[in-house]
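A.B. asks: Here is a sequence with its predicted model. Questions after.
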Amino acid sequence: MNDLIKPLIKPIGAALLAAFAASAAPLALAAGPDLKIALIAGKTGPLEAYAKETETGFMMGLEYLTGGKMEINGRKLKVIVKDDQSKPDLGRTLLAEAYGDDKADIAVGTTSSGSAIAMLPVAKEYKKVLIIEPAVADAITGEKWNKYIFRTARSSMQDALAAASTLKGGSVAFLAQDYAFGRDAIKAGKEALSATGSKARVVHEEYAPATTTDFTASTQRLFDALKDKPQPRVLGIVWAGPNPMNKIADMKPERYGIALAPGGNILPVMKTWKNYAGTEGTIYYYYAFPKNKMNDWLVAEHQKRFKAPPDMFTAGGFAAASAVFNALSKVPDGNSEKLVAAMEGMRFDTPKGQMSFRKEDHQAIQSMYHFRIKKDQANEWDLLELVREIPASEMPLPVKNKR
């Protein structure tokens, strides 16, 4: 090599590297700062199991949808998890903290309906989107709603319409928890029977504190209300947390020709129902029912990682992740007003199949499932058989908010 050229190589190479670095820097910055998502859940308290499933499903959903990269349009996703302990005051405070201090672009939560309702005005105050998962109280997409509220979770009315579709006549009594979730559910149950044209008549409503452990007196009042009424006689149980079905069954409702109709619950609870083969109910999600690639992946991966199939709140968390992913993919800068516009009417895939946010109230429209408890169960999680999928078109969900 010419000795005159050698001294030039190093400076020229350095200059080229510097020039490349300078030209690459804007490309690296173009992706922008992290997209921040706040996930608020009742990780301690009575709904701890639900919250844990929601978080698991949410993180698995983002993993699946981003191909493991945890980024959208080149921007990294940062999930900020907060525990509201299912306390309304704390839920309100944590959401304000997420929007104000953490600068979250979008938030998801929470487990308790009471806490979720307390959070709604905060989303309006900060003009930021809040996706409700898994709280179900109708007021969330009803009288307490504002335009920044979207819900992937089913509503009490959707639960009720699904259950009502299985009742053609006879007599119904309800047992529910004495707070927003329970009272909303029973109100919805009565409206659903009317909306679906069912000839079943509600003969009694029984409300008990969420901390109740002795159901003897409540159950006896329910039995007395039903025992002489027209058949079929159905006792509907709407309960979050440890379910009283076994305790009620121990009091032998069959003596009075009364059938129990439990709402779907988490797998550890339903696993205790093996003695009630043939009992029917309705549910938001059961891992063996939906047939699609997303659910196939969720079931296989969850089984591999946790040695158990995914539960109903796991699927709900995954659905919320899909809503977040699709919304932020459409609006890369996370602008709230653009997000609201993009999400109204938005369709997105979930482990249950496709959902869509209804424009009028931002409730996710979705199918539900009519189940029967299996008699012959192949393993500890082989609990339910599908009677039929109940399409959204058969559940006339009323619009109850005011825009």
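C.D. replies: Looks like it came in fine.

A.B. asks: Residue ranges in the stretch 101-250 of the chain under the pLDDT threshold?
C.D. replies: For the stretch 101-250 of the chain, no stretch is flagged by pLDDT under 70.

A.B. asks: which stretches of it form helices?
C.D. replies: For the stretch 101-250 of the chain, the helices defined by DSSP state H, counting those that start in this stretch occupy 113-126, 156-164, 180-195, 216-226, 245-249.

A.B. asks: Who are the packing partners of the fourth one?
C.D. replies: Yep, that's helix 216-226 we're talking about. strand 171-177, strand 201-208, strand 233-238 (3 or more Cβ pairs under 8 Å, 6 or more residues apart in numbering; DSSP states H and E). (C-beta placed from N, C-alpha, C; glycine too.)

A.B. asks: Format those strands as TSV; extra columns: mean neighbour count and distance to residue 398.
C.D. replies: Shown next, in TSV, are the helices and strands packed on helix 216-226 (neighbours: other Cβ atoms under 10 Å; distance: least, Cβ to Cβ, whole Å):
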stretch	mean neighbour count	distance to residue 398
strand 171-177	23	20
strand 201-208	17	18
strand 233-238	23	19
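
A.B. asks: which one of the helices of the stretch 101-250 of the chain is the most hemmed in?
C.D. replies: Looking across the helices of the stretch 101-250 of the chain with neighbours counted as mean count of other Cβ atoms under 10 Å, the highest average goes to helix 156-164: a mean of 27.

A.B. asks: what angle do that one and strand 233-238 make?
C.D. replies: Helix 156-164 and strand 233-238 are oriented at 150 degrees to each other (axes from the mean of the first three to the mean of the last three Cα atoms, to 10 degrees).

A.B. asks: on contacts alone, who are the packing partners of helix 156-164?
C.D. replies: The helices and strands touching helix 156-164, judged by 3+ Cβ pairs under 8 Å, 6+ apart, are helix 180-195, strand 280-283, strand 368-373.

A.B. asks: swap the cut-off to 6 Å and go again
C.D. replies: Packing partners of helix 156-164 (3 or more Cβ pairs under 6 Å, 6 or more residues apart in numbering; DSSP states H and E): helix 180-195.

A.B. asks: Export only the CA atoms of the helix it packs on, formatted as PDB.
C.D. replies: Provided in PDB are the C-alpha atoms of helix 180-195 (Å, rounded to 0.1, in the frame of the first residue of the first chain):
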ATOM      1  CA  ALA A 180     -72.600  -2.900  43.100                       C
ATOM      2  CA  PHE A 181     -71.700  -6.100  41.300                       C
ATOM      3  CA  GLY A 182     -74.500  -8.200  42.900                       C
ATOM      4  CA  ARG A 183     -77.300  -5.700  42.700                       C
ATOM      5  CA  ASP A 184     -76.400  -4.700  39.100                       C
ATOM      6  CA  ALA A 185     -76.400  -8.400  38.200                       C
ATOM      7  CA  ILE A 186     -79.900  -9.100  39.600                       C
ATOM      8  CA  LYS A 187     -81.400  -5.900  38.100                       C
ATOM      9  CA  ALA A 188     -79.900  -7.000  34.800                       C
ATOM     10  CA  GLY A 189     -81.300 -10.500  35.300                       C
ATOM     11  CA  LYS A 190     -84.800  -9.300  35.600                       C
ATOM     12  CA  GLU A 191     -84.500  -7.000  32.700                       C
ATOM     13  CA  ALA A 192     -83.000  -9.700  30.600                       C
ATOM     14  CA  LEU A 193     -85.800 -12.100  31.200                       C
ATOM     15  CA  SER A 194     -88.200  -9.500  29.900                       C
ATOM     16  CA  ALA A 195     -85.900  -8.500  26.900                       C
END
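
A.B. asks: List the contacts of it.
C.D. replies: Applying Cβ atoms under 6 Å, 6 or more residues apart in numbering, the contact partners of helix 180-195 are 113-114, 137-138, 156-157, 160-161, 164, 174, 176, 200, 202, 205, 238, 240, 396.
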